[in-house]
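Next comes the sequence, and after it the predicted model I'd like to discuss.
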Amino acid sequence: MLSFFKVLSLGLLSTAIVPTSTADEAPATYLQCIACHGDNGQGNTALSSPAIAGLSESYITRQLNNYASGKRGQHPEDVSGQQMVMISKQLDLNKDVPALAYYIANLPQVKAVSKLSGDLKNGSRYYHAKCGACHGGQAQGNKSFNAPKLAGQHSSYLSKQMRNFSSDVRGTHADDKLGRQMAMMAKTVNEKELNDILFFISQQ
């Protein structure tokens with residue numbers, strides 16, 4: 001099954017690479033992403049595939065490299081992550097990944113429809129206490145902190161990833177510093193807080 005990703009370490013890209021595609025032209029390698037992430041990068045909740053449209057090039061690059069290098073997607077319970085490992089290992093990290101990251105980052109951003117309910121006031125309070133410093137006050141992401149945008153993402157995907165972090169399915173590799181930071185933070189959030197945080201994010 002086809003699925004998708006998340007980013008590379010810029011260290012593997014020691015020289016600037018000019019993307020071979022334009023924002024209007026999907027690279028051929030994007031065809032393998034469509035089945036799970038959609039032709040517009042909108043994601044697919046039935047497949048637990050995140051929306052990727054508009055995510056930063058650095059984030060896409062880092063996650064694809066993490067999958068390819070074994071920093072992510074190695075846990076037996078991370079089925080979708082294992083799918084991404086297989087796909088990422090088929091990509092040329094110096095050619096395919098920059099082209100994909102450029103194309104995806106320039107796709108019009110999408111906003112997932114959420115049916116989640118919660119306490120917005122509490123969600124705002126918990127979010128700003130535990131997430132906002134890195135992900136931004138409106139969950140818009142922060143490239144300086146390598147923190148991806150969360151606003152517009154499917155709540156079910158965010159929930160699953162938080163549980164993966166808190167249960168050591170994700171964020172345990174010794175070289176995945178950012179992942180280990182997220183795992184540490186995820187373990188400070190209880191179920192009620194998580195629901196309200198996700199509700200707050202869904203309203204941004």
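Okay, I see it. Numbers count the residues shown, from 1 in each chain.

Just give the number of residues close to Asp196.
23 (other Cβ atoms under 10 Å). Where C-beta positions appear, they are placed from N, C-alpha and C, glycine not excepted.

in what helix or strand does it lie?
helix 191-202 (DSSP states H and E).

And the closest residue to Gln153 other than its chain neighbours, how far from Leu158?
Leaving aside its chain neighbours, Gln153 sits nearest to Ala51 (5.6 Å; criterion: Cβ to Cβ, 6 or more residues apart in numbering). Remark: distance between Ala51 and Leu158 (Cβ to Cβ, to the nearest Å) = 10 Å.

When the two are compared, which one has more neighbours?
Ala51 (24 against 21).

now the residue of the chain positioned farthest from its centre: how far from Ala139?
Distance to the chain centre peaks in the chain at Lys121, reaching 25.6 Å (criterion: Cα atoms, centre = their mean). Plainly put, Lys121 is 16 Å away from Ala139 if you go by Cβ to Cβ.

can you check Ser156 too?
Distance, Ser156 to Ala139, by Cβ to Cβ: 16 Å.

Could you check which of the two has the larger neighbour count?
More neighbours surround Ala139 than the other of Ser156 and Ala139, with 23 against 18 (other Cβ under 10 Å).

pLDDT averaged over the strand or helix carrying the residue farthest from the centre of the chain, what's the number?
Under the criterion of DSSP H and E, Lys121 resides in helix 120-130. On average, the pLDDT along helix 120-130 is 97.

And stretch 147-158, by the same measure?
Taken as a whole, stretch 147-158 carries a mean pLDDT of 96.

CA atoms of that stretch as CSV?
Only the C-alpha atoms of stretch 147-158 are listed here, as CSV (Å, rounded to 0.1, in the frame of the first residue of the first chain):
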residue,chain,number,x,y,z
ALA,A,147,8.0,22.4,14.4
PRO,A,148,5.4,21.5,11.7
LYS,A,149,2.1,23.2,11.1
LEU,A,150,-0.7,21.5,13.0
ALA,A,151,-3.7,23.7,12.0
GLY,A,152,-5.7,22.1,9.2
GLN,A,153,-4.4,18.6,9.9
HIS,A,154,-6.8,15.7,10.5
SER,A,155,-7.6,15.4,14.2
SER,A,156,-7.5,11.6,14.0
TYR,A,157,-4.0,11.7,12.6
LEU,A,158,-2.7,14.1,15.3
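
Could you give the separation of that stretch from the chain centroid?
The chain centroid and the centroid of stretch 147-158 are separated by 7 Å under Cα atoms, centre = their mean, to the nearest Å.

Residues in contact with that stretch: which ones?
Outside stretch 147-158, the residues that touch it by Cβ atoms under 8 Å, 6 or more residues apart in numbering are 6, 43, 45, 48-51, 54-56, 59, 109-112, 114, 116, 131, 134-136, 138-141, 198-199, 201-202, 204.
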